[in-house]
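# Got a predicted model here, sequence first, then my questions.
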Amino acid sequence: MGTLRVVVLWHQHQPYYKDLVSGEYRLPWTRMHALKDYYGMVKLLDEFPTLHQTFNLVPSLMVQIQDYADGTASDPFLRVAAKPAKDLTPEERRFALQYLFQANAVNQIGRYPRYRELWEQFRASGDSPEKAGKYFQAQEYTDLQVLSQLAWFDEFFLEDPEVAALVKKKRNYTLEDQAFVIARERELMGRILPAHAKAAERGGIEISTSPFYHPILPLVCDTNAGAQSSPGLPLPQNRYQRPDDAREQMVRGLDLHEKVMGKRPRGMWPSEGSVSDEVLAIAARCGVKWMATDEGVLGRSLGVFFARDGGGRLPQDQAHKLYNVYRYEKAGTGMKMIFRDHTLSDLIGFVYSGMKPKEAAGHLLRNIREAARPVLDSGRDAMVPIILDGENAWEYYPKSGREFLRRFYEGLQNEPGLEAVTVSEAVERHRDPAELGGLVPGSWISANFNVWIGAPEDNKAWDYLYQARKYYEEHAGAASEAQRKLAYEEILIAEGSDWNWWYGPEHHSANDRDFDALYRKHLSNVYQALGGVPPDYLAQPISGEMGRPSFTPQSAYIRPKVTGEMIRYFEWMGAARYTSDQRSGAMHGKQFLLDSVYAGIDESNVYGRLDFAGKVPQEDFDVVVNLEAWAKQETKPRRAWRLGMAVAGGRVKSWQAEQEGEKTASAGGEARAALEKNFEFSLPLAWLDAVPMPPETLMAAAEGQPAPVSRVRLRFSLWENGLPVDALPLEGWIELAMVTEENLEATDY
C-alpha cells in the first residue's frame, strides 16, 4: 500500500487597490478580507500541530496589509465608517447606505440582528439610498457604521473580551464604540503577516508566492499565447511581449517574501495557475523549485481529458496521472510540478457551505481516499492537491467555515494512512515522479486564458497597456530616476490579472466601474509620471463602452453666440443634450464635476456647450473636446480633431484645436471657444469634411467617390494634473447626423 499525501494550498490574494499618485485605496476589500480571513486561516493550525499546509501569499497583498497595519492606508469606506454620524454630509450618508451593506446577507448581516434590521429597512425602500435616507437618523447610521465593520471581524478577533462586549451590546452604539472599532482594525491588521511568519518558522506551513502584482505571466510574455490555448481567439491589435516584466514580477515577489518572512520561497502558484513553457523557464532561472497549476493544463498537455464517474472518481490510469508529482524537463529547464484536483477544490469552494460541517468534512475525507485508491492499491504513493482561494469561499459558510475546517483538519491529522504535507514536502518525499516534456499554455479556468483576453473589452485593455509601455520605452530615458521608477511601477500594476477579470462577459460586480476607472488611472499615471499627457481615450470607460449612449438627439439647427457668459436657453433649444448620471456618487472614487453637455450643428458649424456641476473649478484644469467625422460603413473616422482649453483660477490661459497632432487653428481663427460660467465652442464643419445633406445624398455616394460624412460625434472631458477626472458622456459619444434641418428626425445615417 502506498502513502496518501494531501496537499492543501490556500491562495491569498486581493487586487491592488491603491493609486500610487494619490495614495488612495479605491476599494476596501483588502482590509475587509484581512480582518475576516487571513489571520484566522493560519491561526487555526495552532490547534493541529502535525498538520502541514501551504499558504500562497501574493506580494501585492502583503504590501497592502502592511500599509493598513502601519496606518498609511486610507479608503473611502473606512473614512465613512469612522466619521461621526452627525457630521456625515448628504453624499456620505448616501454612500453609507449604498455600500456599508456590501456583505453576505445571511452569514454576516444576518448574524447581527440590528444589522439585519437596518438592512431590511434599506431593502424596504427599494435599495434606494435616497429613499432610505429619510428614515435613518444619526443613531441608525452609527449602528450601521459599527456593525458593518464587526461583520468582517475574524472569529478569533470576536473572542477578544472588548470586541465580544461590543457584539453583546447589539445596538445603540456610541461614538466611543465607533472609534474603538476603527482603532482595533489597525491593530488586528498588524497581526496577520507575523502570524504567517511564526507558523512557517515552527514548520506548520510553507509560504509560497505569486508574481508581485498577480499578472497572467504567459500573456505578459506574449499575448499570442492566448491563441495557442484557444486557436482562432481574437487578439489585441498590438502584440504585447514583455518576458523581462514577467521576470521582474517574479523576482520582486521572491525578494519581498525573503525580506518580510525571512526565507526565500521555494515554490509558486502562478497567478490564476497560468503557465507556459516560457514561464517555467523564467521561473527556473529565478530559483523557483516547484510550481502548481490545474488538472486541465495537465490533461491538455498529455492529451487526456480527466473524466470522473458519478461518484467523482477517475479511472485508474487517469488517477495515476493526476495524483502524481511531475518532473518537467524541456530545453534545459527543470521544475517540479503538481496539478490541482479541480473537483475536490471546487467542493470546498462551492458545495460544502450548504452542508452541515461534520457531514461536509466527512464527505471530503472519503472523497480524497476514494480518489487516491486506484493509485494506493497499486502500491504507489498518491499525492492529492487541493488548491483554492483562502478567503472568497468563507463568507458563504456560517462563522467563516471554522467548524467545517476544524472537522476536516481533525481527520487529516488523526486518520491513519493520511499525511497532510506542504508542497515542498510532497515533492521531496514522492517516489518515482512522472516525466513531463512540455506544457500547453493555460490557466486553472478551462485551461486557457479566455477570461483575460479575446473579448473586445479585454483586447482594448491590452492595447492601452501596450501603448503605455511603448510610451515608457520612448520617454523613460529623459526622465529622472524617481519618475522612471513610478512609471514602471504603474506598468507592473497594470499588468495584473484583476483588471481583465472584470472586463469582458464573464464576471461582474457592484464595483465594475471602480475597477475600470482604477485600471485607466494606473495607465494615466504612467504618462503623468514621465511628464506627459495621457491619451484622451483614457478618459472613457473600457467596460461597456460599446453600449448605445442615452441622450436627447438634436431636433433643430442651433446658432448660439459663443461667449460662455450665461445660459441662454433659447439659443440652445433643439441641441442634443446629455446629462450626467451621478447616482454612483463621488465617495467611491468618481468625481462628478460635469453636469451636462449640449451639441448641435447648423449649415456651417458644429457647436458644443459644457455645464459644470457647480461653479467653475478654481483649480487648474483642462477642458478637452474630441470630435470625429464618420462616413457610413467606414471603420475609422474620416477626420479627428481635439479642442483643448487650459484654465487657471477660473480663467482661460490658452486654447487650440488640433488635427492628428498638428496645430491647425487657435484662438482668433475660425474656431471659437469661451469660458465664463460654462464652456462653449464652435468649429467649422469644413474642418471635419462634413456638409449637411439630404438623406438620399448621404446614402448614395457618386461612383468612385468616397461616401460623404454622415455623422459627427463628440465627447467632453475634464482633466486635472494631467489626468482625466470626469467625462460626458461617461460611456460612448454624442452623435450628430449631418443632415439638412428638415431631416433631423431621421438620425440613422
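Sure, I can see it.
# How is the chain divided into domains?
70-190, 456-537, 569-743 (automatic domain parsing).
# now these as CSV including distance to Ile368, mean neighbour count and mean pLDDT?
The C-beta positions use only the backbone N, C-alpha and C, and glycine is treated the same way. Below are the domains of the chain laid out as CSV (distance: least, CB to CB, whole Å; neighbours: other CB atoms under 10 Å; pLDDT from 0 to 100):
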stretch, distance to Ile368, mean neighbour count, mean pLDDT
domain 70-190, 25, 17, 94
domain 456-537, 29, 20, 94
domain 569-743, 42, 18, 81
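# closest one to Asn367 among those domains?
domain 70-190 (24.4 Å; CB to CB).
# How far away from the center of its chain is the closest one?
24 Å (CA atoms, centre = their mean, to the nearest Å).
# distance between the ends of stretch 80-89?
10 Å (CA to CA, to the nearest Å).
# After the one helix or strand Lys43 maps to, heading C-terminal, what element do we hit next?
Counting by DSSP states H and E, the element that carries Lys43 is helix 39-43. Counting by DSSP H and E, the element after helix 39-43 in chain order, helix or strand, is strand 53-57.
# what's that next one packed up against?
strand 4-12, helix 192-201, strand 205-209 (3 or more CB pairs under 8 Å, 6 or more residues apart in numbering; DSSP states H and E).
# Relative to that strand, what are the paired strands and their orientations?
strand 4-12 (parallel), strand 205-209 (parallel) (DSSP bridges).
# Make CSV out of the helices and strands packed on strand 53-57 and add mean neighbour count.
As requested, those are arranged in CSV below (neighbours: other CB atoms under 10 Å):
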stretch, mean neighbour count
strand 4-12, 24
helix 192-201, 18
strand 205-209, 25
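# now the strands: where do they sit in the stretch 451-600 of the chain?
576-579, 594-601 (DSSP state E, counting those that start in this stretch).
# of all those strands, which lies closest to Trp29?
Using CB to CB, the nearest of the strands of the stretch 451-600 of the chain to Trp29 is strand 594-601, at 28.9 Å.
# what helices or strands is the helix or strand following that closest one leaning on?
Next helix or strand after strand 594-601 toward the C-terminus (DSSP H and E): strand 605-612. Packing contacts for strand 605-612, counted by 3+ CB pairs under 8 Å, 6+ apart, involve strand 594-601, strand 621-631, strand 679-684, strand 709-720.
# ok so, going back, same for the helix holding Lys43, what does it pack against?
helix 155-158, helix 192-201.
# any idea how far the last one is from the chain center?
Using CA atoms, centre = their mean, we find the averaged C-alpha position of helix 192-201 to lie 28 Å away from the chain's own average C-alpha position.
# got it, and stretch 612-624?
Distance, centroid of stretch 612-624 to centroid of chain: 29 Å (CA atoms, centre = their mean).
# try stretch 404-412
33 Å.
# again with stretch 176-196
With CA atoms, centre = their mean as the basis, the mean position of stretch 176-196 lies at 25 Å from the chain mean.
# repeat for stretch 354-365
On CA atoms, centre = their mean, the centre of stretch 354-365 falls 33 Å from the chain's centre.
# what about that stretch, average pLDDT?
For stretch 354-365, mean pLDDT rounds to 93.
# what does that stretch contact?
344, 347-348, 351-352, 401, 403-404, 406-408, 410-412, 415 (CB atoms under 8 Å, 6 or more residues apart in numbering).
# quick one: which of these is most hemmed in?
Greatest neighbour count in the contacts of stretch 354-365, by other CB atoms under 10 Å, goes to Phe408: 27 neighbours.
# where does that residue land on pLDDT?
98.
# Serialize the helices and strands packed on helix 39-43 to JSON lines and add fields for distance to Val384.
Below are those laid out as JSON lines (distance: least, CB to CB, whole Å):
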{"stretch": "helix 155-158", "distance to Val384": "27"}
{"stretch": "helix 192-201", "distance to Val384": "22"}
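# mind listing the helices for the stretch 401-550 of the chain?
402-414, 423-429, 456-475, 481-494, 498-502, 512-529 (DSSP state H, counting those that start in this stretch).
# Alpha carbons of the second one, as CSV, please.
Once non-C-alpha atoms are left out, helix 423-429 reads as follows in CSV (Å, rounded to 0.1, in the frame of the first residue of the first chain):
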residue,chain,number,x,y,z
VAL,A,423,4.1,21.1,-1.4
SER,A,424,7.8,21.0,-0.8
GLU,A,425,7.4,18.0,1.5
ALA,A,426,5.3,16.3,-1.1
VAL,A,427,7.7,16.7,-4.0
GLU,A,428,10.7,15.7,-1.8
ARG,A,429,9.0,12.5,-0.5
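# So what touches that helix?
Contacts for helix 423-429 (CB under 8 Å, 6+ apart): 3, 5, 7, 9, 52, 54, 206, 208, 266-267, 289-290, 292, 325, 336, 338, 381, 383, 385, 421, 433.
# Okay, buried residues for that helix please.
Val423, Ser424, Glu425, Ala426, Val427 (16 or more other CB atoms under 10 Å).
# Reformat the residues you listed as CSV; add pLDDT and distance to Tyr397.
Below are these laid out as CSV (pLDDT from 0 to 100; distance: CB to CB, whole Å):
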residue, pLDDT, distance to Tyr397
Val423, 98, 25
Ser424, 98, 29
Glu425, 98, 28
Ala426, 98, 27
Val427, 97, 31
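# For the residue lying closest to Leu100 once chain neighbours are set aside, which residues are in contact?
Distances taken as CB to CB, 6 or more residues apart in numbering put Ser148 closest to Leu100, at 4.0 Å, once the chain neighbours are dropped. By CB under 8 Å, 6+ apart, the contact list for Ser148 reads Ala81, Leu100, Phe101, Ala103, Tyr115.
# can you redo these as a markdown table with distance to Thr223 and secondary structure?
As requested, these are exported to a markdown table (distance: CB to CB, whole Å; DSSP: H, G, I helix; E, B strand; the rest coil):
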| residue | distance to Thr223 | secondary structure |
| --- | --- | --- |
| Ala81 | 40 | helix |
| Leu100 | 39 | coil |
| Phe101 | 39 | coil |
| Ala103 | 37 | coil |
| Tyr115 | 45 | helix |
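# Turn the residues you listed into CSV, columns for distance to Asp46.
Formatted as CSV, these follow (distance: CB to CB, whole Å):
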residue, distance to Asp46
Ala81, 30
Leu100, 33
Phe101, 34
Ala103, 27
Tyr115, 30
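# tell me which of these is nearest to Pro706?
Phe101 (55.6 Å).
# Spatially, what comes nearest to that closest one if we skip its sequence neighbours?
Per CB to CB, 6+ apart, closest to Phe101 is Trp119, 5.4 Å.
# Would it be right to say that the one you found lies in a helix?
Yes. Counting by DSSP: H, G, I helix; E, B strand; the rest coil, Trp119 is found in a helix.
# Please report the number of neighbouring residues for Ala434.
15.
# I figured it hits Tyr328, correct?
No. Contact criterion CB atoms under 8 Å: Ala434 and Tyr328 do not qualify, at 9.9 Å.
# quick check, Val691 in a helix?
No. Counting by three-state DSSP, Val691 falls outside a helix, being coil.
# Might one say that it is in contact with Val709?
Yes. Shown here, Val691 and Val709 form a contact pair, counting by CB under 8 Å, at 7.3 Å.
# between the two, what contacts are shared?
Met738.
# got the contact list for Arg672?
Contacts of Arg672 by CB under 8 Å, 6+ apart are Val562, Phe681, Ser682.
# Identify the bridge partners of the last one.
Okay, so that is Ser682. Beta-bridge partners of Ser682, as defined by DSSP bridges: Tyr607, Arg672.
# That one and Ala556, how far apart?
Using CB to CB, to the nearest Å, Ser682 is found at 16 Å from Ala556.
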